[in-house]
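**Student:** okay, here's the prediction I keep looking at, along with the sequence it came from:
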Amino acid sequence: MKTKYLQINPADNVAVAIVNLSAGEKLTINGVEIILREDIPTGHKFAIKDLAEGEDVIKYGYPIGHAITSKKQGEWMNENNIKTNLAGLLDYNYNPKEVALDIPKKELTFKGYRRKNGDVGIRNEIWIIPTVGCVNGIIAQLAENLRRETEGKEGVDAIVAYPHNYGCSQLGDDHENTKKILRDMVLHPNAAAVLVVGLGCENNQPDAFREFLGDYDQDRVTFMVTQKVGDEYEEGMKLLRELYAKAATDRRVDIPLSELRVGLKCGGSDGFSGITANPLLGMFSDFLIAQGGTSVLTEVPEMFGAETILMNRCENKELFSQTVDLINNFKEYFLSHGEPVGENPSPGNKAGGISTLEEKALGCTQKCGKSYVSGVLPYGERLKVKGLSLLSAPGNDLVASTALASCGCHMVLFTTGRGTPFGTYVPTMKISTNSGLAERKPGWIDFNAGVIVEDEPMEKTCERFIDYIIKVASGEFVNNEKKNFREIAIFKTGVTL
């Protein structure tokens, strides 16, 4: 351990404890001796100068809120004495920033699946997708029986049913959201073959949904409407056996890294998120984009307080305006439900050292590095450009991860300081912010970024991370896949009939 604390930016008036610090302990920061007035837990902040009541608390070089009361140098700064500065809608000005990554291009490849339409997948799976929640039991039974029949055979990475509660009794945007996410799943290149199972009387009518798909590989996507067949189990198994026989013939080939698409997500964040794992993802995202690849940042409410950093990196005024709408539309969503725009950090976030939404946002947005913003996507829409895109979705882990997969990401890179076992319908890689979590939860954590505050330079960690990403893209399972933790969640905003 090189240091007990970290002042992230020279402008900061707080520092972060890298280890548990004790009251009375003496630290020298910027040539000034500071005596801690309280015990400071790992990942938490303490004042490195006296703060007046109402004075901004600065971390990462930006305000993360203001001091509720005057605080003395060496005192613990947390959610009890820092209040957010966020409130309501804002007008924004476009002040474009020059971006110069200066990252060399390397001729790296991974082993993926080239689909008939030219798209690329990193998994060769069979998915069973319901148009409506009424058939959830049927699809679970079909998946289990196909797994049992094909156990020990090679060629297919997984056979998964994806139940959800929607597809009927929905109106307006909710109905459209359901259709879009299910369409995106059916068309996702990680699926070698898909059986779409409907009931027959739902709002999301199978025939209309088939048209909604647009162009699709009719060889690999099959429909079954259970009200129109005699024995849905026998018919479903017949269709699945045919799909399996086709999928099992697919083989991995060399694919340029420029065709990889990753989603950037964090959850169960702590005081180290913005110091280790999130900057690591930012460094990787910049590297991938420099190779011609694609990364996607979402969790719009967790951009509040750091949104101008993203706005000023937009490639043009049109993208800036779309990003302003992305932010203010989500704020209006909060306000229309009578909820404040600045309330976001969870009890786990606060226990880990995050006090306000601005602090969370300044850590969260580091996941996308320093690249230009090249695209802005509405919820449920699919990627149209390479580079960095911003995607409209909430911060909720499973809803946001599902949205990232649905826009076309091959995998989700998920940083966490508290830990979580879940996965969505693409590989969901967990990157720990601290080594303690990685040691306690090896069955959850796939990669440990905690070494960055210990003895490993971030550049070296990123080299190892790139190697690991290529292995996963080439077929190595992450923990959620090994445990078969695979789920979807669709964003709901309106009335259920």
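**Tutor:** Arrived safely.
**Student:** so where's the stretch 101-250 of the chain shaky on pLDDT?
**Tutor:** Across the stretch 101-250 of the chain, nothing is flagged by pLDDT under 70.
**Student:** now the helices for it?
**Tutor:** Here the stretch 101-250 of the chain has its helices, by DSSP state H, counting those that start in this stretch, at 136-150, 172-186, 206-212, 232-247.
**Student:** any idea which of these is most buried?
**Tutor:** Across the helices of the stretch 101-250 of the chain, the average number of neighbours (mean count of other Cβ atoms under 10 Å) peaks for helix 172-186, which reaches a mean of 20. Using the backbone N, CA and C atoms, a C-beta is placed for each residue, glycine as well.
**Student:** which residues touch it?
**Tutor:** Outside helix 172-186, the residues within contact range by Cβ atoms under 8 Å, 6 or more residues apart in numbering are 127, 129, 131, 162, 164, 166-167, 170, 191, 194, 196, 203-204, 209, 212-213, 216, 221, 379-382, 402-403, 405-408, 425, 488, 490-496.
**Student:** out of these, which end up buried?
**Tutor:** 127, 129, 131, 162, 164, 166-167, 170, 191, 194, 196, 203-204, 209, 213, 221, 379-381, 402-403, 405-408, 425, 488, 490-491 (16 or more other Cβ atoms under 10 Å).
**Student:** who wins for proximity to Phe477 among the helices of the stretch 101-250 of the chain?
**Tutor:** Shortest distance between Phe477 and the helices of the stretch 101-250 of the chain, using Cβ to Cβ, is found for helix 136-150: 15.5 Å.
**Student:** helices or strands next to that closest one in the packing?
**Tutor:** If you count contacts as 3 or more Cβ pairs under 8 Å, 6 or more residues apart in numbering; DSSP states H and E, helix 136-150 packs onto strand 125-130, strand 158-161, strand 191-198, helix 232-247.
**Student:** reformat the ones you listed as a markdown table; add distance to Thr276.
**Tutor:** Output for the helices and strands packed on helix 136-150, formatted as a markdown table (distance: least, Cβ to Cβ, whole Å):
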| stretch | distance to Thr276 |
| --- | --- |
| strand 125-130 | 32 |
| strand 158-161 | 31 |
| strand 191-198 | 34 |
| helix 232-247 | 39 |
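**Student:** the ones you listed: which one's closest to Arg114?
**Tutor:** strand 191-198 (11.7 Å).
**Student:** list the pairing partners of that closest one within its sheet, with orientation.
**Tutor:** strand 125-130 (parallel), strand 221-225 (parallel) (DSSP bridges).
**Student:** angle of it against helix 172-186?
**Tutor:** 140 degrees (axes from the mean of the first three to the mean of the last three Cα atoms, to 10 degrees).
**Student:** contact partners of strand 191-198?
**Tutor:** Contacts with strand 191-198, where a contact means Cβ under 8 Å, 6+ apart, come from 113, 121, 123-132, 135, 138-139, 142, 156, 185-186, 204-206, 209-210, 220-226, 232, 236, 239-240, 243-244, 246-247, 250.
**Student:** keeping just the C-alphas, turn that strand into PDB.
**Tutor:** Extracted in PDB, the C-alpha atoms of strand 191-198 (Å, rounded to 0.1, in the frame of the first residue of the first chain):
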ATOM      1  CA  ALA A 191     -28.200 -15.500 -30.400                       C
ATOM      2  CA  ALA A 192     -27.600 -18.200 -33.000                       C
ATOM      3  CA  ALA A 193     -31.300 -19.100 -33.000                       C
ATOM      4  CA  VAL A 194     -34.500 -17.800 -31.400                       C
ATOM      5  CA  LEU A 195     -37.900 -19.300 -30.700                       C
ATOM      6  CA  VAL A 196     -40.500 -16.600 -30.200                       C
ATOM      7  CA  VAL A 197     -43.400 -18.000 -28.200                       C
ATOM      8  CA  GLY A 198     -46.800 -16.200 -28.100                       C
END
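**Student:** nothing else from me, thank you.
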